[in-house]
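1. Just a sequence and a predicted model for now, questions to come.
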Amino acid sequence: MDSALLAHGTFDFDLDVGAAPPLAKLRAWVASVLDGLCPDQLLDAEMVCTELATNAHEHACGPRRVRLLTMPRRGVVRVEVDDASPDVVPVVGLSRLGPHRGRGLQMVNTMAPRWGVRRYRFGKTTWAEIPAALPAT
């Protein structure tokens, strides 16, 4: 079985390629990078990437980038989304885009036992860690 999780790795995806984030391409990229991951955990990784990328696109300035870090010793995949808006910090259940929005981080909070935000002078990284296990062979 071929799996990206057999070795530690870092993989990057550029989100700033058009007016809307390329979410279908992002999910396909996640599936190819994490080939071999348990199907439920792969779906969690795709969902977390999609939600964090959407938040960055809707609420922050570019450049925006997604990074996957496979960490086999810790048994996790870490999703990181960079943007150039250090003062726009995501809040669970709250969206400036209206009362029927803001549920994406609630899903991330459910799927990722650990997540948070690192702020820098010129940007921030929103990150989440997803349990990662290879299927039993």
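-> Yes, it's here. Numbering: from 1, shown residues only.

2. and the nearest residue to Pro22 once chain neighbours are set aside, how many neighbours does it have?
-> Nearest residue to Pro22, sequence neighbours excluded (CB to CB, 6 or more residues apart in numbering): Leu15, at 7.2 Å. For glycine as for every other residue, the C-beta is placed from the backbone atoms N, C-alpha and C. Leu15 has 24 neighbouring residues, counting by other CB atoms under 10 Å.

3. how close does Leu15 sit to Gln41?
-> 22 Å (CB to CB, to the nearest Å).

4. List the contacts of the residue nearest to Pro22.
-> Pro21, Pro22, Leu26, Ala53, Ala56, His57, Gly62, Arg64, Arg65, Val66, Val81 (CB atoms under 8 Å, 6 or more residues apart in numbering).

5. Thr54 is in contact with Leu23, isn't it?
-> Yes - Thr54 lies in contact with Leu23 (CB atoms under 8 Å); the separation is 7.1 Å.

6. Three-state assignment for the spatially most central residue of the chain, please.
-> Among the residues of the chain, the one closest to the centroid is Cys49, at 3.0 Å (CA atoms, centre = their mean). Classification of Cys49 using DSSP: H, G, I helix; E, B strand; the rest coil returns helix.

7. re earlier: list residues touching both of Thr54 and Leu23?
-> Common neighbours of Thr54 and Leu23, counting by CB under 8 Å, 6+ apart, are absent.

8. any chance you could map the helices in the protein?
-> Using DSSP state H, the helices of the chain run over 23-33, 39-59, 104-111.

9. and among the ones you listed, the most buried is which?
-> helix 39-59 (a mean of 20; mean count of other CB atoms under 10 Å).

10. who touches that one?
-> 15, 20-21, 23, 26-27, 30-31, 34, 37, 64, 66, 68, 77, 79, 81-83, 85, 88, 90, 96-97, 104-105, 107-108, 111-112, 126, 128, 130-133, 135.
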